[in-house]
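Novice: Let's see this in three dimensions:
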Amino acid sequence: MALGFRKLRQSLFINTLPRLLAGLLFIYVYCEYLIYYVVQIQCGFPTLDKKTNVEPVYAMIFADPHLLGRNAHWLDKWRREWQMHRAFQTAMTLHTPEIVFVLGDLFDEGDKCSEKDFSDYVQRFHELFKVPDGTSLYAVAGNHDVGFHYKITPQLSGRWERRMRAPPVRLLSVRGAHFVLLNSMALQGDGCELCARADAEIHDIADILKCSSGSKLCKGKKKLEKYSRPILIQHFPLYRASDSQCTEPDAAPLPERDSLFVERRDCLSKESTEYLVESLHPRLAFGGHTHHSCALRHSFVPTSDHKIEFVEYTVPSFSWRNRLDPKYYLVTISSDEARVSKCELPREWTLQVTAVTLLAALLLYLRYSNTRRKDFNYNKHLSGKKV
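Specialist: Numbers count the residues shown, from 1 in each chain. Reported below is the predicted structural model:
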(Lines give C-alpha, C1' and ligand atoms only; values in the text may rest on other atoms or scores of the structure.)
Protein backbone atom coordinates (compact mmCIF):
# COMPACT_ATOMS: atom_id res chain seq x y z
CA MET A 1 0.00 0.00 0.00
CA ALA A 2 2.75 2.49 1.03
CA LEU A 3 4.75 1.58 -2.07
CA GLY A 4 1.73 2.31 -4.25
CA PHE A 5 1.21 5.76 -2.78
CA ARG A 6 4.95 6.50 -3.09
CA LYS A 7 4.79 5.68 -6.79
CA LEU A 8 1.67 7.80 -7.07
CA ARG A 9 3.42 10.82 -5.51
CA GLN A 10 6.44 10.33 -7.75
CA SER A 11 4.18 10.16 -10.77
CA LEU A 12 2.40 13.38 -9.78
CA PHE A 13 5.73 15.15 -9.22
CA ILE A 14 7.13 13.99 -12.55
CA ASN A 15 4.01 15.11 -14.39
CA THR A 16 3.46 18.37 -12.48
CA LEU A 17 6.96 19.85 -12.48
CA PRO A 18 7.35 20.06 -16.30
CA ARG A 19 3.90 21.65 -16.60
CA LEU A 20 4.70 24.14 -13.87
CA LEU A 21 7.98 25.14 -15.49
CA ALA A 22 6.38 25.35 -18.94
CA GLY A 23 3.60 27.53 -17.53
CA LEU A 24 6.02 29.87 -15.75
CA LEU A 25 8.08 30.15 -18.93
CA PHE A 26 4.98 31.09 -20.92
CA ILE A 27 3.98 33.74 -18.35
CA TYR A 28 7.47 35.23 -18.48
CA VAL A 29 7.60 35.29 -22.28
CA TYR A 30 4.11 36.76 -22.57
CA CYS A 31 4.59 39.51 -19.97
CA GLU A 32 8.13 40.43 -21.04
CA TYR A 33 7.82 40.05 -24.83
CA LEU A 34 4.47 39.14 -26.36
CA ILE A 35 2.34 41.70 -24.53
CA TYR A 36 4.21 44.52 -26.29
CA TYR A 37 3.11 43.06 -29.63
CA VAL A 38 -0.47 42.51 -28.44
CA VAL A 39 -0.82 46.17 -27.40
CA GLN A 40 1.17 47.90 -30.15
CA ILE A 41 -0.26 45.92 -33.06
CA GLN A 42 -3.51 47.81 -32.42
CA CYS A 43 -1.83 51.02 -33.60
CA GLY A 44 -0.44 51.86 -37.03
CA PHE A 45 0.43 54.65 -39.40
CA PRO A 46 -2.66 56.69 -40.33
CA THR A 47 -3.85 56.84 -43.92
CA LEU A 48 -3.79 60.15 -45.78
CA ASP A 49 -7.04 61.51 -47.19
CA LYS A 50 -5.41 62.86 -50.33
CA LYS A 51 -3.81 60.49 -52.80
CA THR A 52 -0.32 61.38 -53.96
CA ASN A 53 2.10 60.02 -56.54
CA VAL A 54 4.98 60.38 -54.09
CA GLU A 55 5.43 57.88 -51.26
CA PRO A 56 4.53 59.54 -47.92
CA VAL A 57 7.10 59.91 -45.18
CA TYR A 58 6.52 57.64 -42.18
CA ALA A 59 7.92 58.93 -38.89
CA MET A 60 7.88 57.75 -35.28
CA ILE A 61 8.16 60.40 -32.55
CA PHE A 62 8.84 59.78 -28.86
CA ALA A 63 10.06 61.94 -26.00
CA ASP A 64 11.78 61.97 -22.63
CA PRO A 65 13.15 58.44 -22.15
CA HIS A 66 15.36 59.77 -19.31
CA LEU A 67 17.96 57.00 -19.21
CA LEU A 68 19.05 56.79 -15.59
CA GLY A 69 22.59 57.69 -14.59
CA ARG A 70 25.28 56.44 -12.24
CA ASN A 71 23.37 57.46 -9.09
CA ALA A 72 20.25 55.43 -9.91
CA HIS A 73 19.46 52.09 -8.27
CA TRP A 74 20.65 49.28 -10.53
CA LEU A 75 17.34 47.37 -10.37
CA ASP A 76 15.24 50.41 -11.30
CA LYS A 77 17.73 51.24 -14.03
CA TRP A 78 17.68 47.72 -15.49
CA ARG A 79 13.89 47.39 -15.32
CA ARG A 80 13.07 50.73 -16.99
CA GLU A 81 15.64 50.33 -19.73
CA TRP A 82 14.49 46.78 -20.46
CA GLN A 83 10.88 47.98 -20.79
CA MET A 84 11.79 50.81 -23.16
CA HIS A 85 14.06 48.56 -25.19
CA ARG A 86 11.35 45.92 -25.67
CA ALA A 87 8.72 48.54 -26.51
CA PHE A 88 10.95 50.32 -29.01
CA GLN A 89 12.15 47.17 -30.76
CA THR A 90 8.56 45.95 -31.02
CA ALA A 91 7.60 49.26 -32.62
CA MET A 92 10.45 48.90 -35.10
CA THR A 93 9.31 45.38 -35.99
CA LEU A 94 5.61 46.23 -36.35
CA HIS A 95 5.81 49.68 -37.95
CA THR A 96 9.30 50.07 -39.49
CA PRO A 97 9.29 53.88 -39.68
CA GLU A 98 11.53 55.71 -42.12
CA ILE A 99 12.51 58.35 -39.54
CA VAL A 100 12.59 58.34 -35.73
CA PHE A 101 12.61 61.65 -33.84
CA VAL A 102 13.53 61.76 -30.13
CA LEU A 103 12.35 64.97 -28.47
CA GLY A 104 15.05 65.48 -25.90
CA ASP A 105 15.87 64.41 -22.35
CA LEU A 106 17.45 61.24 -23.63
CA PHE A 107 19.57 61.19 -20.47
CA ASP A 108 18.56 61.91 -16.89
CA GLU A 109 21.98 63.23 -15.82
CA GLY A 110 23.45 64.34 -19.15
CA ASP A 111 23.96 67.91 -17.95
CA LYS A 112 26.05 66.96 -14.91
CA CYS A 113 27.87 63.72 -15.72
CA SER A 114 31.54 63.27 -16.59
CA GLU A 115 32.87 62.78 -20.12
CA LYS A 116 33.22 59.04 -19.52
CA ASP A 117 29.68 58.74 -18.17
CA PHE A 118 28.36 60.77 -21.11
CA SER A 119 30.10 58.40 -23.55
CA ASP A 120 28.52 55.46 -21.70
CA TYR A 121 25.15 57.24 -21.92
CA VAL A 122 25.42 57.63 -25.69
CA GLN A 123 26.47 54.02 -26.18
CA ARG A 124 23.59 52.75 -24.02
CA PHE A 125 21.11 54.92 -25.87
CA HIS A 126 22.11 53.55 -29.26
CA GLU A 127 22.03 49.99 -27.92
CA LEU A 128 18.57 50.38 -26.41
CA PHE A 129 17.11 52.33 -29.33
CA LYS A 130 18.81 50.62 -32.22
CA VAL A 131 17.09 51.31 -35.52
CA PRO A 132 17.03 48.88 -38.46
CA ASP A 133 18.70 49.51 -41.80
CA GLY A 134 16.69 52.04 -43.79
CA THR A 135 15.59 53.96 -40.67
CA SER A 136 17.26 57.22 -39.58
CA LEU A 137 17.22 58.47 -35.98
CA TYR A 138 17.45 62.16 -35.07
CA ALA A 139 17.57 63.57 -31.54
CA VAL A 140 17.08 67.13 -30.33
CA ALA A 141 18.60 68.34 -27.08
CA GLY A 142 16.62 68.52 -23.85
CA ASN A 143 17.42 70.38 -20.67
CA HIS A 144 18.54 67.13 -18.98
CA ASP A 145 20.93 66.49 -21.88
CA VAL A 146 22.79 69.83 -21.93
CA GLY A 147 21.20 71.85 -19.11
CA PHE A 148 18.85 74.80 -19.05
CA HIS A 149 20.12 77.87 -20.88
CA TYR A 150 21.75 79.44 -17.83
CA LYS A 151 23.72 76.25 -17.21
CA ILE A 152 24.88 75.40 -20.75
CA THR A 153 28.63 75.63 -21.34
CA PRO A 154 30.55 75.17 -24.60
CA GLN A 155 31.72 71.82 -23.21
CA LEU A 156 28.17 70.58 -22.53
CA SER A 157 26.72 71.72 -25.85
CA GLY A 158 29.85 70.66 -27.77
CA ARG A 159 29.88 67.05 -26.59
CA TRP A 160 26.15 66.73 -27.32
CA GLU A 161 26.60 68.02 -30.87
CA ARG A 162 29.61 65.78 -31.53
CA ARG A 163 28.34 62.55 -30.05
CA MET A 164 24.69 62.86 -31.12
CA ARG A 165 25.44 64.71 -34.39
CA ALA A 166 22.78 67.23 -33.47
CA PRO A 167 23.48 70.91 -34.22
CA PRO A 168 21.34 73.62 -32.56
CA VAL A 169 19.20 73.97 -35.71
CA ARG A 170 18.82 71.63 -38.68
CA LEU A 171 16.65 71.52 -41.79
CA LEU A 172 15.76 68.00 -42.89
CA SER A 173 13.90 67.43 -46.17
CA VAL A 174 12.46 64.09 -47.29
CA ARG A 175 10.31 63.85 -50.45
CA GLY A 176 8.66 67.20 -50.06
CA ALA A 177 8.26 66.97 -46.27
CA HIS A 178 10.45 69.44 -44.37
CA PHE A 179 11.41 69.29 -40.69
CA VAL A 180 13.17 71.96 -38.65
CA LEU A 181 14.95 70.42 -35.64
CA LEU A 182 15.68 72.86 -32.82
CA ASN A 183 17.59 73.01 -29.56
CA SER A 184 14.99 74.69 -27.32
CA MET A 185 17.63 76.03 -24.92
CA ALA A 186 19.30 77.89 -27.80
CA LEU A 187 16.19 80.01 -28.42
CA GLN A 188 16.56 82.45 -25.56
CA GLY A 189 17.37 85.42 -27.81
CA ASP A 190 19.96 86.88 -25.43
CA GLY A 191 22.82 86.99 -27.92
CA CYS A 192 24.90 84.19 -26.37
CA GLU A 193 27.14 82.25 -28.76
CA LEU A 194 24.78 79.26 -28.93
CA CYS A 195 21.73 81.49 -29.41
CA ALA A 196 23.50 83.53 -32.09
CA ARG A 197 24.31 80.36 -34.04
CA ALA A 198 20.71 79.17 -33.75
CA ASP A 199 19.34 82.56 -34.80
CA ALA A 200 21.58 82.66 -37.87
CA GLU A 201 20.52 79.14 -38.89
CA ILE A 202 16.82 79.95 -38.45
CA HIS A 203 17.29 83.08 -40.56
CA ASP A 204 18.94 81.06 -43.34
CA ILE A 205 16.27 78.35 -43.24
CA ALA A 206 13.53 80.96 -43.29
CA ASP A 207 15.07 82.48 -46.43
CA ILE A 208 15.31 79.05 -48.11
CA LEU A 209 11.62 78.47 -47.37
CA LYS A 210 10.69 81.91 -48.73
CA CYS A 211 12.66 81.34 -51.92
CA SER A 212 11.10 77.90 -52.33
CA SER A 213 7.58 79.29 -51.92
CA GLY A 214 8.15 82.02 -54.52
CA SER A 215 7.98 84.84 -52.00
CA LYS A 216 9.17 88.27 -53.13
CA LEU A 217 10.95 88.56 -49.77
CA CYS A 218 13.50 85.94 -50.86
CA LYS A 219 17.08 87.20 -50.56
CA GLY A 220 19.18 84.14 -51.30
CA LYS A 221 19.46 81.56 -54.07
CA LYS A 222 18.98 78.28 -52.22
CA LYS A 223 15.68 76.51 -52.86
CA LEU A 224 13.99 73.27 -51.91
CA GLU A 225 12.92 70.87 -54.64
CA LYS A 226 9.31 71.20 -53.57
CA TYR A 227 7.95 73.69 -51.05
CA SER A 228 5.71 72.79 -48.15
CA ARG A 229 5.35 74.39 -44.75
CA PRO A 230 7.80 72.78 -42.30
CA ILE A 231 7.20 70.72 -39.17
CA LEU A 232 8.89 71.92 -35.96
CA ILE A 233 10.68 69.30 -33.84
CA GLN A 234 12.00 70.37 -30.43
CA HIS A 235 12.01 69.55 -26.72
CA PHE A 236 10.07 72.45 -25.19
CA PRO A 237 6.45 73.14 -26.05
CA LEU A 238 5.76 76.45 -27.76
CA TYR A 239 4.56 79.22 -25.48
CA ARG A 240 1.30 78.62 -23.65
CA ALA A 241 0.06 79.92 -20.32
CA SER A 242 -0.63 76.44 -18.91
CA ASP A 243 -1.97 73.00 -19.81
CA SER A 244 -5.52 74.10 -18.98
CA GLN A 245 -6.58 73.79 -22.64
CA CYS A 246 -5.24 70.22 -22.85
CA THR A 247 -8.24 67.93 -22.44
CA GLU A 248 -6.89 64.54 -23.58
CA PRO A 249 -7.29 61.61 -21.14
CA ASP A 250 -3.49 61.49 -20.77
CA ALA A 251 -3.10 65.25 -20.24
CA ALA A 252 -1.65 66.57 -17.00
CA PRO A 253 -3.89 65.74 -14.02
CA LEU A 254 -5.75 68.40 -12.09
CA PRO A 255 -4.76 70.66 -10.38
CA GLU A 256 -1.36 70.43 -12.11
CA ARG A 257 -3.05 71.17 -15.43
CA ASP A 258 -3.98 74.68 -14.29
CA SER A 259 -0.53 75.57 -12.95
CA LEU A 260 0.95 78.52 -14.83
CA PHE A 261 3.98 77.80 -17.02
CA VAL A 262 7.25 79.64 -16.49
CA GLU A 263 8.68 80.85 -19.80
CA ARG A 264 12.09 79.36 -20.73
CA ARG A 265 11.63 76.64 -18.12
CA ASP A 266 8.28 74.98 -18.88
CA CYS A 267 7.90 76.25 -22.45
CA LEU A 268 9.50 78.62 -24.94
CA SER A 269 9.14 82.31 -24.30
CA LYS A 270 6.34 84.15 -26.03
CA GLU A 271 8.86 86.20 -28.04
CA SER A 272 10.78 83.12 -29.23
CA THR A 273 7.56 81.38 -30.19
CA GLU A 274 6.36 84.34 -32.25
CA TYR A 275 9.78 84.60 -33.89
CA LEU A 276 9.76 80.91 -34.89
CA VAL A 277 6.21 80.96 -36.19
CA GLU A 278 6.58 84.18 -38.17
CA SER A 279 9.94 83.07 -39.61
CA LEU A 280 9.12 79.48 -40.51
CA HIS A 281 5.31 79.34 -40.93
CA PRO A 282 5.03 75.76 -39.58
CA ARG A 283 2.12 73.46 -40.38
CA LEU A 284 2.75 71.19 -37.38
CA ALA A 285 4.83 71.30 -34.22
CA PHE A 286 5.98 68.55 -31.84
CA GLY A 287 7.47 68.98 -28.39
CA GLY A 288 7.88 67.05 -25.15
CA HIS A 289 9.25 68.10 -21.75
CA THR A 290 5.99 68.08 -19.74
CA HIS A 291 5.72 64.24 -19.79
CA HIS A 292 1.99 64.70 -20.53
CA SER A 293 -0.10 64.80 -23.69
CA CYS A 294 -1.58 67.88 -25.34
CA ALA A 295 -2.99 68.78 -28.75
CA LEU A 296 -3.32 72.53 -29.13
CA ARG A 297 -4.43 74.56 -32.16
CA HIS A 298 -2.47 77.79 -32.60
CA SER A 299 -3.55 80.82 -34.58
CA PHE A 300 -1.08 83.66 -35.11
CA VAL A 301 -1.99 86.86 -36.93
CA PRO A 302 1.28 88.73 -37.65
CA THR A 303 -0.54 91.15 -39.98
CA SER A 304 -4.20 91.97 -40.49
CA ASP A 305 -4.32 90.14 -43.83
CA HIS A 306 -2.26 87.09 -42.87
CA LYS A 307 -2.98 84.25 -40.44
CA ILE A 308 -0.74 81.27 -39.52
CA GLU A 309 -2.65 78.29 -38.13
CA PHE A 310 -1.29 74.90 -37.09
CA VAL A 311 -1.61 72.17 -34.47
CA GLU A 312 1.03 71.51 -31.83
CA TYR A 313 1.36 68.08 -30.21
CA THR A 314 3.07 67.62 -26.87
CA VAL A 315 4.31 64.03 -26.76
CA PRO A 316 4.04 62.15 -23.43
CA SER A 317 7.10 60.52 -21.92
CA PHE A 318 8.21 57.16 -23.28
CA SER A 319 9.33 56.00 -19.81
CA TRP A 320 7.26 54.08 -17.23
CA ARG A 321 9.25 55.94 -14.61
CA ASN A 322 7.61 59.22 -15.65
CA ARG A 323 4.06 58.01 -16.26
CA LEU A 324 1.97 54.85 -15.93
CA ASP A 325 0.89 54.91 -19.59
CA PRO A 326 3.80 55.81 -21.88
CA LYS A 327 2.96 56.76 -25.48
CA TYR A 328 4.56 57.55 -28.82
CA TYR A 329 3.31 59.01 -32.10
CA LEU A 330 3.22 57.64 -35.63
CA VAL A 331 2.96 60.31 -38.32
CA THR A 332 2.23 59.95 -42.03
CA ILE A 333 3.36 63.01 -43.99
CA SER A 334 3.13 64.19 -47.57
CA SER A 335 3.95 67.61 -49.00
CA ASP A 336 0.43 68.90 -48.35
CA GLU A 337 -1.01 66.66 -45.61
CA ALA A 338 -0.04 65.11 -42.29
CA ARG A 339 -1.94 62.63 -40.12
CA VAL A 340 -1.09 61.59 -36.57
CA SER A 341 -1.75 58.44 -34.48
CA LYS A 342 -1.02 58.18 -30.78
CA CYS A 343 0.15 54.70 -29.80
CA GLU A 344 -0.09 53.20 -26.32
CA LEU A 345 2.38 50.98 -24.53
CA PRO A 346 1.28 48.40 -21.93
CA ARG A 347 0.48 49.97 -18.60
CA GLU A 348 2.61 48.68 -15.76
CA TRP A 349 -0.42 47.59 -13.75
CA THR A 350 -1.59 45.65 -16.84
CA LEU A 351 1.68 43.73 -16.80
CA GLN A 352 1.31 43.01 -13.10
CA VAL A 353 -2.37 42.02 -13.24
CA THR A 354 -1.74 39.84 -16.30
CA ALA A 355 1.14 38.03 -14.57
CA VAL A 356 -0.90 37.41 -11.41
CA THR A 357 -3.95 36.26 -13.39
CA LEU A 358 -1.94 33.86 -15.54
CA LEU A 359 -0.15 32.49 -12.46
CA ALA A 360 -3.46 31.89 -10.67
CA ALA A 361 -4.86 30.18 -13.77
CA LEU A 362 -1.76 27.98 -13.98
CA LEU A 363 -2.04 26.91 -10.32
CA LEU A 364 -5.76 26.13 -10.69
CA TYR A 365 -5.06 24.11 -13.83
CA LEU A 366 -2.30 22.11 -12.10
CA ARG A 367 -4.48 21.43 -9.06
CA TYR A 368 -7.44 20.33 -11.19
CA SER A 369 -5.22 18.20 -13.41
CA ASN A 370 -3.48 16.56 -10.46
CA THR A 371 -6.76 15.88 -8.66
CA ARG A 372 -8.14 14.08 -11.69
CA ARG A 373 -4.91 12.13 -12.18
CA LYS A 374 -4.77 11.19 -8.47
CA ASP A 375 -8.38 9.95 -8.47
CA PHE A 376 -7.79 8.01 -11.67
CA ASN A 377 -4.60 6.35 -10.41
CA TYR A 378 -6.07 5.60 -6.98
CA ASN A 379 -9.15 3.93 -8.45
CA LYS A 380 -6.92 2.01 -10.81
CA HIS A 381 -4.79 0.90 -7.86
CA LEU A 382 -7.83 -0.28 -5.88
CA SER A 383 -9.34 -2.09 -8.84
CA GLY A 384 -6.16 -4.13 -9.22
CA LYS A 385 -6.30 -5.50 -5.65
CA LYS A 386 -7.56 -8.99 -4.91
CA VAL A 387 -10.48 -9.22 -2.50
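Novice: mind checking the backbone torsions on S269?
Specialist: Per-residue torsions, S269: phi -70, psi 160 (degrees, to the nearest 10).
Novice: burial of it, as a residue count?
Specialist: Neighbourhood size, S269 [other Cβ atoms under 10 Å]: 18. (C-beta placed from N, C-alpha, C; glycine too.)
Novice: Report the beta-bridge partners for the nearest residue to it once chain neighbours are set aside.
Specialist: If the residues on either side of it in the chain are set aside, S269 comes closest to E263, at 4.3 Å by Cβ to Cβ, 6 or more residues apart in numbering. Beta bridges link E263 to C267 when assigned by DSSP bridges.
Novice: Per-residue pLDDT of E263, please?
Specialist: pLDDT for E263: 96.
Novice: need the contact list for it.
Specialist: Neighbouring residues of E263 by Cβ atoms under 8 Å, 6 or more residues apart in numbering: 239, 269-270.
Novice: list the buried ones in stretch 294-307?
Specialist: By 16 or more other Cβ atoms under 10 Å, the buried positions in stretch 294-307 come out as 294, 296, 298.
Novice: One more: stretch 192-210?
Specialist: Neighbour counts over stretch 192-210 (16+ other Cβ under 10 Å) mark 194-195, 197-199, 201-202, 205-210 as buried.
Novice: Same check on stretch 147-158?
Specialist: Neighbour counts over stretch 147-158 (16+ other Cβ under 10 Å) mark 147, 149, 152, 156-157 as buried.
Novice: Equivalent analysis for stretch 329-338, please.
Specialist: 329-335, 338.
Novice: Kindly report the same for stretch 356-363.
Specialist: Buried residues in stretch 356-363 (16+ other Cβ under 10 Å): 358, 362.
Novice: what comes into contact with that stretch?
Specialist: By Cβ under 8 Å, 6+ apart, the residues outside stretch 356-363 that reach it are 20, 23-24, 26-27, 30-31.
Novice: State the distance from R162 to L103.
Specialist: 20 Å (Cβ to Cβ, to the nearest Å).
Novice: For the two, indicate the residue with more neighbours.
Specialist: L103 (29 against 10).
Novice: how about that one, what does it touch?
Specialist: Counting by Cβ under 8 Å, 6+ apart, L103 has contacts 61-64, 140, 142, 233-235, 286-289, 315.
Novice: do K130 as well
Specialist: By Cβ under 8 Å, 6+ apart, the neighbours of K130 are Q89.
Novice: and with 10 Å instead?
Specialist: Counting by Cβ atoms under 10 Å, 6 or more residues apart in numbering, K130 touches 85, 88-89, 92, 137.
Novice: sorry, back to before: which of the buried residues of stretch 294-307 sits closest to F310?
Specialist: H298 (5.7 Å; Cβ to Cβ).
Novice: element containing that closest one?
Specialist: Assigned by DSSP states H and E, H298 belongs to strand 294-303.
Novice: again, but for W78
Specialist: Counting by DSSP H and E, the element that carries W78 is helix 74-95.
Novice: Which strands and helices lie in contact with that helix?
Specialist: Under the contact criterion of 3 or more Cβ pairs under 10 Å, 6 or more residues apart in numbering; DSSP states H and E, helix 74-95 touches helix 35-40, strand 57-62, strand 99-102, helix 115-128, strand 327-333, strand 338-344, helix 348-383.
Novice: ok and it relative to helix 115-128, angle-wise?
Specialist: 40 degrees (axes from the mean of the first three to the mean of the last three Cα atoms, to 10 degrees).
Novice: residues in contact with the residue nearest to P65 when sequence neighbours are not counted?
Specialist: Distance criterion Cβ to Cβ, 6+ apart; nearest residue to P65, sequence neighbours excluded, is F318 at 4.9 Å. If you count contacts by Cβ under 10 Å, 6+ apart, F318 has them with 61-66, 83-84, 87-88, 102-103, 105, 129, 288, 291, 326-328, 345.
Novice: swap the cut-off to 6 Å and go again
Specialist: Listed by Cβ atoms under 6 Å, 6 or more residues apart in numbering, the contact set of F318 reads 62, 65, 326.
Novice: Give me the pLDDT for the spatially most central residue of the chain.
Specialist: Closest residue to the average C-alpha location of the chain: F62 at 2.5 Å, with Cα atoms, centre = their mean. Per-residue confidence (pLDDT) for F62: 98.
Novice: Please point out which parts of the strand or helix carrying Y313 sit buried.
Specialist: Element membership of Y313, judged by DSSP H and E, is strand 306-314. The neighbour-count check on strand 306-314 (16+ other Cβ under 10 Å) flags 308, 310, 312-314 as buried.
Novice: Now render the residues you listed as CSV, adding distance to Y37 and pLDDT.
Specialist: Formatted as CSV, the buried residues of strand 306-314 follow (distance: Cβ to Cβ, whole Å; pLDDT from 0 to 100):
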residue, distance to Y37, pLDDT
I308, 41, 94
F310, 34, 97
E312, 31, 98
Y313, 25, 98
T314, 27, 98
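Novice: Make a markdown table out of these and add distance to F125.
Specialist: A markdown table is the format used below for the buried residues of strand 306-314 (distance: Cβ to Cβ, whole Å):
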| residue | distance to F125 |
| --- | --- |
| I308 | 35 |
| F310 | 30 |
| E312 | 26 |
| Y313 | 23 |
| T314 | 22 |
